[in-house]
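In: Structural data only, the sequence is not supplied:
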């Protein structure tokens, strides 16, 4: 069975009440619920939050799929608590109905620009390879050019054989690098019980086909996202 898992804690340090902001006529986390509701593969939706306001709002939605509420304590909803740590510890321990062959499909509210087709394709891919999967995308600019610099403007390159040192600055000669985009994670309950250090441990990347990527964490992110037509994605 596939359970959508949508974590939306009430606290936010960089953008107050971020997950509950009005985003194109709906609260931000509602877009992830809509995507889960439309997925062909997802059987049930788990909404995880410490906020009674968020929970009441979710309970008021007219969903066709079964909704399960995961009420989190303040301790496991702090800014210092990684959601993966919560999943593999308290969440697994407190939800005995989850079977080893079940899957958690985590959809982070801060990435509303995901298509239902992409969710289903990632799940289908995970089914085929029998491994955990996470969506990723290529960096917009070759990361081999990355550097830091000190107060006196002396640069320190991030990579050996940096094009800033070798002079080989043609973009076609640079290696491609990717990063997780937080859109879709497919995690087997069995692997969560193994208590692996990282959510990416023994997981396989799936290159996202969604053209828009904005992880909404601050006001600037929110302003940029508000200019994109979400209907072309969902």
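Out: Sure, I can see it. On a predicted model such as this, the values are computed, not experimentally measured, just so you know.
In: So this structure: which segments form each domain?
Out: If you go by automatic domain parsing, the domain ranges for the chain are 2-138+178-232, 140-176.
In: Pick the most buried one from these.
Out: Across those, the average number of neighbours (mean count of other C-beta atoms under 10 Å) peaks for domain 2-138+178-232, which reaches a mean of 17. Placement of C-beta: from N, CA and C, glycine included.
In: Mean confidence (pLDDT) on that one, please.
Out: The predicted model gives domain 2-138+178-232 an average pLDDT of 92.
In: So that it lines up with my notes, have the first residue be 643 from now on.
Out: Got it, first residue is 643 now, which makes that one domain 644-780+820-874.
In: And residue 715, how far from residue 748?
Out: Between residue 715 and residue 748 the distance, using C-beta to C-beta, to the nearest Å, works out to 19 Å.
In: This structure: helices as residue ranges?
Out: With DSSP state H as the criterion, the chain has helices at 672-680, 694-701, 725-728, 734-736, 758-771, 805-808, 831-835, 861-868.
In: Distance to residue 665 added to those, as JSON lines?
Out: As requested, those are arranged in JSON lines below (distance: least, C-beta to C-beta, whole Å):
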{"stretch": "helix 672-680", "distance to residue 665": "7"}
{"stretch": "helix 694-701", "distance to residue 665": "13"}
{"stretch": "helix 725-728", "distance to residue 665": "20"}
{"stretch": "helix 734-736", "distance to residue 665": "30"}
{"stretch": "helix 758-771", "distance to residue 665": "18"}
{"stretch": "helix 805-808", "distance to residue 665": "39"}
{"stretch": "helix 831-835", "distance to residue 665": "29"}
{"stretch": "helix 861-868", "distance to residue 665": "7"}
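In: list the contacts for residue 655?
Out: residue 721 (C-beta atoms under 8 Å, 6 or more residues apart in numbering).
In: Relative to residue 859, how far out is it?
Out: Residue 655 sits at a distance of 9 Å from residue 859 (criterion: C-beta to C-beta).
In: Equivalent analysis for residue 691, please.
Out: In this structure, residue 691 and residue 859 are separated by 18 Å, where distance is defined by C-beta to C-beta.
In: Please name the bridge partners of the nearest residue to residue 842 once chain neighbours are set aside.
Out: Sequence neighbours aside, residue 776 is the residue nearest to residue 842 in space, at 6.5 Å (criterion: C-beta to C-beta, 6 or more residues apart in numbering). Taking DSSP bridges as the rule, residue 776 bridges to residue 827, residue 847.
In: Also the one 4 residues further on?
Out: Listed by DSSP bridges, the beta-bridge partners for residue 780 are residue 820.
In: Against residue 690, how distant is it?
Out: Computed with C-beta to C-beta, the distance linking residue 780 and residue 690 is 30 Å.
In: now swap in residue 828 and tell me
Out: In this structure, residue 828 and residue 690 are 17 Å apart, going by C-beta to C-beta.
In: And for residue 669?
Out: From residue 669 over to residue 690 the distance is 15 Å, taken as C-beta to C-beta.
In: got it, and residue 757?
Out: 23 Å.
In: Contacts only, for residue 761.
Out: Shown here is residue 761, whose contacts under the criterion C-beta under 8 Å, 6+ apart are 677, 678, 681, 683, 684, 747, 749, 826.
In: And the pLDDT for the residue of the chain most remote from its centre?
Out: In the chain, residue 794 marks the outermost C-alpha relative to the chain mean, sitting 37.8 Å out by C-alpha atoms, centre = their mean. The pLDDT attached to residue 794 in the predicted structure is 81.
In: again with the one 3 residues further on
Out: In this prediction, residue 797 carries a pLDDT score of 90.
In: Now do the residue nearest to residue 719 when sequence neighbours are not counted against residue 864, distance only.
Out: The shortest distance from residue 719 to any residue that is not its chain neighbour, by C-beta to C-beta, 6+ apart, is 3.7 Å, and that residue is residue 692. Remark: distance between residue 692 and residue 864 (C-beta to C-beta) = 22 Å.
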